[in-house]
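Task: produce atomic coordinates for the following.
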Amino acid sequence: MLVLWGVLCAHLVAAFCFENGFPADPSNRLIVYQETNAGGGIASRFSVEMGPGEKQCCNYANTDCNRAGGAEATGVFRCQIHDVVTNVVVPSGGYCLHYGDPNHPTIEVYTATGQPFENFILSRPH
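Model prediction:
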């Protein structure tokens, strides 16, 4: 997956991004909702629903998505695929990829420089 990030990093260093890498099945919709570090009201927070193969980004200079400013600021995001909900920390200039089995998702998070971001899962169902 790091190769994938290296390709994307060259194009997306000014934004945090989420990608739905789950198998191509219309029911594999990934829902992402920003919990922290949003500058605007609830309606302006980063909130998306993506089908397989889709990705969505928000420029980290956009204060609706990144109240703290800068690529190294972090936010907490609630990510849901089917009934599986995971809260993850993502750098504002980083990238979050969900893939594998939707019932037991694999999640990877990277910094703006393409380095793996450690300790990013805050909570996950048991």
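
so Val88 bridges to which residues?
When bridges are called by DSSP bridges, Val88 pairs up with Phe77, Ile121.

wait, doesn't it sit right on Cys79?
Yes - shown here, Val88 and Cys79 form a contact pair, counting by Cβ atoms under 8 Å, at 6.0 Å. Glycine gets a C-beta too; all of them are placed from N, C-alpha and C.

for the protein, what spans make up the strands?
15-21, 30-34, 47-50, 55-59, 74-81, 84-91, 95-101, 104-110, 121-123 (DSSP state E).

shaky segments in the chain?
1-13, 125-126 (pLDDT under 70).

What residues sit buried inside stretch 22-38?
Under the neighbour-count criterion of 16 or more other Cβ atoms under 10 Å, stretch 22-38 has Phe22, Asn28, Arg29, Leu30, Val32, Tyr33, Gln34, Asn37, Ala38 buried.

Spit out the contact partners of the third one.
What that stands for is Arg29. Asn20, Glu49, Met50, Gly51, Ile81 (Cβ atoms under 8 Å, 6 or more residues apart in numbering).

mind running it again at 7 Å?
Glu49, Met50, Gly51 (Cβ atoms under 7 Å, 6 or more residues apart in numbering).
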